[in-house]
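just to be clear, the model below is a prediction. Sequence and coordinates:
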Amino acid sequence: MNLCQVSVIKGLMAEAGITFRKEFGQNFLISPDVPERIADECADSSDTVILEIGPGIGCLTAELAARYRHVVAVEIDSGLIPILSKTLAEFDNVTVINADCMKLDLGRAIADALGTPSLDGITLAVCANLPYYITTPILMHLLESDLPLSSITVMIQKEVADRLVSPPGKSDYGAITAVLGYYGTVRCLFTVPPGCFLPAPKVSSSVVRIDLPSERPIAVSSEETLMRLIHAAFEMRRKTLVNAVSAKFPSIGKDRLAEILAELGFDVNIRGERLSTADFARLADRISAL
Ligand code: SAM
């Protein structure tokens, strides 16, 4: 069964009595070389366990199952579950879970699927064609989770991908860029035009791979302070860093913050969007030490 063929997708959905649900960001891939390439490039070893978010009718899931140890696929739309049990019937290394990935205990669900008490010693990677309406929250959720992920490979809106790889000081640079810099490195693998999806979205998409080394690329004394600081800086990105941060860390006071910035060699009127993740980490260390 060619799961990227429009007539096959429409046939399966008609048989199940369902239609595309815009509120779930359903744009299914109809170009077979795209799921093949994503699956090829999302992990380095066939022993990897893959967490897929939003399998849809299973075109990427099937490619992943053919290459890797096990696929745990979490799909929110219950209408797609009977379709997935048909399209993935030939694989005994796929577990489909009908749930919202933001609400599920992902670590527990993966361990249960593998029949192991914990994820110790398991190489785990995320691979997904993400629903656009919730891309950034899902990425933040995965990065800030305690899942032992070695990488995250996702298809996202090109515009969001541009943000992920943006250098500090550019308009694309945002909280997600700075947060990502703490956890790992990101690279854009390739771009996919709207015509590769059914229904076609309005914008182009990009596939990005985020590599997450077990040892963080940047050291910081309090991860929590660093994250609070980054979120504070970008919540009010038009304000100076002193104003934005003092609103969220009222106990420090603007004058003390300005002094710390000056001691670290920054202009006291600098905006948060000009700081790299390493800069935020230096500032977070000074704040933690107060
Ligand atoms: N993987 C399929 C493909 O590439 O053709 C479908 C990708 S489609 C862009 C996004 C999928 O994510 C849909 O199947 C949608 O129902 C599912 N989805 C949306 N929100 C979700 C959530 N919060 N948790 C799990 N799945 C979700």
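Arrived safely.

burial measure for Leu275, as a count.
For Leu275, the neighbour count with other CB atoms under 10 Å is 24. Using the backbone N, CA and C atoms, a C-beta is placed for each residue, glycine as well.

where do the helices of the protein begin and end?
Assigned by DSSP state H, the helices in the chain fall at 6-16, 33-41, 59-67, 81-87, 106-114, 135-143, 158-164, 175-183, 223-235, 241-248, 254-263, 277-289.

minimum distance to Ala200: which of those has it?
Between Ala200 and these, the tightest spacing by CB to CB is seen for helix 6-16, at 11.3 Å.

so which elements touch the closest one?
If contacts are counted by 3 or more CB pairs under 8 Å, 6 or more residues apart in numbering; DSSP states H and E, helix 6-16 sits against helix 81-87.

buried set for the helix it packs on?
Neighbour counts over helix 81-87 (16 or more other CB atoms under 10 Å) mark Ile83, Leu84, Thr87 as buried.

now do the contacts for the spatially closest residue to Leu164 that is not a sequence neighbour.
Of all residues not flanking Leu164 in the chain, Val186 sits nearest, at 5.0 Å (CB to CB, 6 or more residues apart in numbering). Applying CB atoms under 8 Å, 6 or more residues apart in numbering, we find Val186 in contact with Leu164, Val165, Leu180, Val208, Arg209, Ile210, Asp211.

take the buried residues of helix 81-87 and write them to TSV, including distance to Arg37.
As requested, the buried residues of helix 81-87 are arranged in TSV below (distance: CB to CB, whole Å):
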residue	distance to Arg37
Ile83	23
Leu84	22
Thr87	20
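
tabulate these (a markdown table), appending distance to the ligand and pLDDT.
Listed next are these as a markdown table, based on distance: CB to the nearest ligand atom, whole Å; pLDDT from 0 to 100:
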| residue | distance to the ligand | pLDDT |
| --- | --- | --- |
| Ile83 | 10 | 98 |
| Leu84 | 10 | 98 |
| Thr87 | 11 | 98 |
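
what is the nearest of these to Ala244?
The closest of those to Ala244 turns out to be Leu84 (CB to CB; 44.7 Å).

my guess is that closest one contacts Cys59. True?
No - in this structure, Leu84 is not within contact of Cys59 by CB atoms under 8 Å, at 10.8 Å.

quick one: furthest residue from the center of this structure?
Residue farthest from the centre of the chain, counting by CA atoms, centre = their mean, is Asp255 at 37.1 Å.

just the pLDDT for the nearest residue in space to Glu75 that is not next to it in sequence.
In space, and not counting its chain neighbours, Glu75 is closest to Pro55: 5.2 Å by CB to CB, 6+ apart. For Pro55, the pLDDT comes out at 98.

quick one: neighbours of Pro55, just the number.
Neighbours of Pro55 under the rule other CB under 10 Å: 28.
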